[in-house]
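>>> Here you go, sequence then predicted model.
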Amino acid sequence: MAPLIVLIVVTGLARIAGWLHATDWLDSWPHAVRIGLAAMFALTASAHFLQPRRDGLIAMVPPRLPNPAALVTLTGFLELAGAIGLLIPWAAPLAAICLAVMLVFLFPANVRAARTGSDIQTMPLPARGLVQVLFIAACVLAAF
């Protein structure tokens, strides 16, 4: 739930800054969403490296995939790189699309967590699916 809250609050604050003409760049929804997504992915990336969330993420990796700890580390670095990419105007569209694709590929881990009763799963699967769609839609909006 925290990533969703961060996305909404930071996007809202960025958009308000745009309305107040604090910066012309933020005077658009896609740019404000880029800021919100960057904050959200920085938050989620931190979970890939800090306990106790890291152990929960490792447990979510489907058993058919090799070296869950390395995969969690890799996805953490990809989320952090994507967050940084969202803040670089020329790189933001590509970063947003790559993050959307990553969200699609990571969703099976969320399904597994919901089915196994993982400690890291914070919402029921239907709600988590809707939130995932929202995150992907935000990435698509940020790409344009």
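Cool, the structure landed. Residues are numbered from 1 along each chain as shown.

>>> can you give me the helices in the chain?
2-19, 29-47, 53-60, 68-86, 92-116, 125-142 (DSSP state H).

>>> Who are the packing partners of the shortest one?
Just to be clear, that refers to helix 53-60. Contacts defined by 3 or more CB pairs under 8 Å, 6 or more residues apart in numbering; DSSP states H and E place helix 53-60 against helix 29-47, helix 68-86, helix 92-116. No exception for glycine: its C-beta is placed from N, CA and C like everyone else's.

>>> got a list of contacts for the first one?
This points to helix 29-47. 2-4, 6-12, 14-15, 18, 25-26, 53-54, 57, 76-77, 79-80, 82-84, 86-87, 92, 96, 99, 135, 138-139, 141-144 (CB atoms under 8 Å, 6 or more residues apart in numbering).

>>> again with the second one
By CB under 8 Å, 6+ apart, the list of residues contacting helix 68-86 from outside reads 34-35, 37-42, 44-49, 54, 57-59, 61, 65, 91-92, 94-96, 98-99, 102, 106, 142.

>>> Off-centre distance for it?
10 Å (CA atoms, centre = their mean, to the nearest Å).

>>> Just the pLDDT for the residue nearest the centre of the chain.
Residue closest to the mean C-alpha point of the chain, counted by CA atoms, centre = their mean, is Phe41 at 4.2 Å. On pLDDT, Phe41 comes in at 98.

>>> Which residue, other than its chain neighbours, is closest to it?
Leaving aside its chain neighbours, Phe41 sits nearest to Ala83 (3.9 Å; criterion: CB to CB, 6 or more residues apart in numbering).

>>> That neighbour and Ala14, how far apart?
Distance, Ala83 to Ala14, by CB to CB, to the nearest Å: 14 Å.

>>> Just give the number of residues close to Gly19.
Gly isn't right for residue 19; it's Trp. When neighbours are defined as other CB atoms under 10 Å, Trp19 has 11 of them.

>>> got it, and His31?
Neighbourhood size, His31 [other CB under 10 Å]: 21.

>>> what do you get for Ile136?
Ile136 - counted by other CB under 10 Å - has 17 other residues nearby.
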